[in-house]
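Asker: make a model of this:
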Amino acid sequence: MSDLVFDVKNVTLRFGGVVSLNDVTMEHRRGEILAVIGPNGAGKTSLFNSLTGVYRPQEGTITLSAREGHPISVIGRGAHRIAAAGVARTFQASRMFSALTTFENVKIGAESHRGIGAVGAMLRGPATRRDEKASDDKTMELLEFVGLKDQANVLSASLSYGARRRLEIARGLATSPVALLLDEPAAGTNPAEKLELANLIRRVRDELGVTILLIEHDMKLVMSVAERLYVLNFGSVIATGTPEEIRANPAVIEAYLGSSETQTSEAS
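Answerer: This next block holds a predicted model:
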């Protein structure tokens, strides 16, 4: 299996006359916590949507080597097929089911991989009951992993913002992904919740072996968890490197971080 989960080469994405991604090349190594940063409108979410099959770039290639035995091309495949191949994601805006409990939200993800079919669900034979118990057990394990086990029966709408972000990560993990893409997971959280989130991201990689790709505007969080970064500006990659290299890069400082290297947060 390839050492790269995502291999992006010369990807260009246009919307009419607007170029959202311009000749983007990126490698995401298996087991790596990688971050993509850049100012508002830099193309970060367009890149995420291209990696997950939501957008279809006009030029370039995106190769995914996840749970399948051979690499597949992302471009031209639907988002549901990319998810089935081992990619989960969260969104900048919360997409939880507010009327469902914390447990039910995560179980939806676990149920998506049961594959028992409509007949099995109606008959509820021994295999169906075993599968349902397995998904229940997995759901509780994930809630405990993200620190929400005590709130399993709480309506998700009543959770704190930080708890909702952890719930979204648990729901993504319930699909047993090889790679988890996090779109601004710290948005709206307070400093204590950001610290909890940073620790959780590390644990997802270290304890579950899930490769992480992160978009985030909070530079303190990014620099504390990412091993490498790509910097986008006007749809183009202007820099790549370790956090230390990115902090010292004049092009990045001018385009995104500002004149002070001690700046810790910038609007995405």
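
Asker: can I get stretch 199-212 in PDB? Just the C-alpha atoms.
Answerer: Below are the C-alpha coordinates for stretch 199-212, written out as PDB (Å, rounded to 0.1, in the frame of the first residue of the first chain):
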ATOM      1  CA  ASN A 199      -5.300  16.700  22.500                       C
ATOM      2  CA  LEU A 200      -8.100  14.800  20.800                       C
ATOM      3  CA  ILE A 201      -6.700  15.300  17.300                       C
ATOM      4  CA  ARG A 202      -3.300  13.800  18.500                       C
ATOM      5  CA  ARG A 203      -5.100  10.900  20.100                       C
ATOM      6  CA  VAL A 204      -7.100  10.100  16.900                       C
ATOM      7  CA  ARG A 205      -3.800   9.700  15.000                       C
ATOM      8  CA  ASP A 206      -1.700   8.100  17.800                       C
ATOM      9  CA  GLU A 207      -4.300   5.700  19.300                       C
ATOM     10  CA  LEU A 208      -6.600   5.000  16.300                       C
ATOM     11  CA  GLY A 209      -4.000   5.300  13.500                       C
ATOM     12  CA  VAL A 210      -6.200   7.700  11.500                       C
ATOM     13  CA  THR A 211      -4.500  10.100   9.100                       C
ATOM     14  CA  ILE A 212      -5.500  13.700   9.700                       C
END
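
Asker: report the buried residues of it.
Answerer: 200, 201, 204, 205, 210, 211, 212 (16 or more other Cβ atoms under 10 Å). (C-beta placed from N, C-alpha, C; glycine too.)

Asker: tell me the mean pLDDT over that stretch?
Answerer: What stretch 199-212 shows for mean pLDDT is 97.

Asker: same question, stretch 100-114
Answerer: Across stretch 100-114, pLDDT averages out at 84.

Asker: buried stuff in that stretch?
Answerer: Applying 16+ other Cβ under 10 Å to stretch 100-114 flags 101, 102, 103, 104, 105, 106, 107, 108, 109, 110, 111, 112 as buried.

Asker: adding secondary structure and distance to residue 188, write those residues out as TSV.
Answerer: Below are these laid out as TSV (DSSP: H, G, I helix; E, B strand; the rest coil; distance: Cβ to Cβ, whole Å):
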residue	secondary structure	distance to residue 188
101	strand	21
102	helix	18
103	helix	23
104	helix	23
105	helix	18
106	helix	20
107	helix	25
108	helix	23
109	helix	22
110	helix	26
111	helix	28
112	coil	27
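
Asker: could you list the low-pLDDT ranges of the stretch 51-200 of the chain?
Answerer: Counting by pLDDT under 70, the stretch 51-200 of the chain contains low-confidence ranges at 68-69, 112-128.
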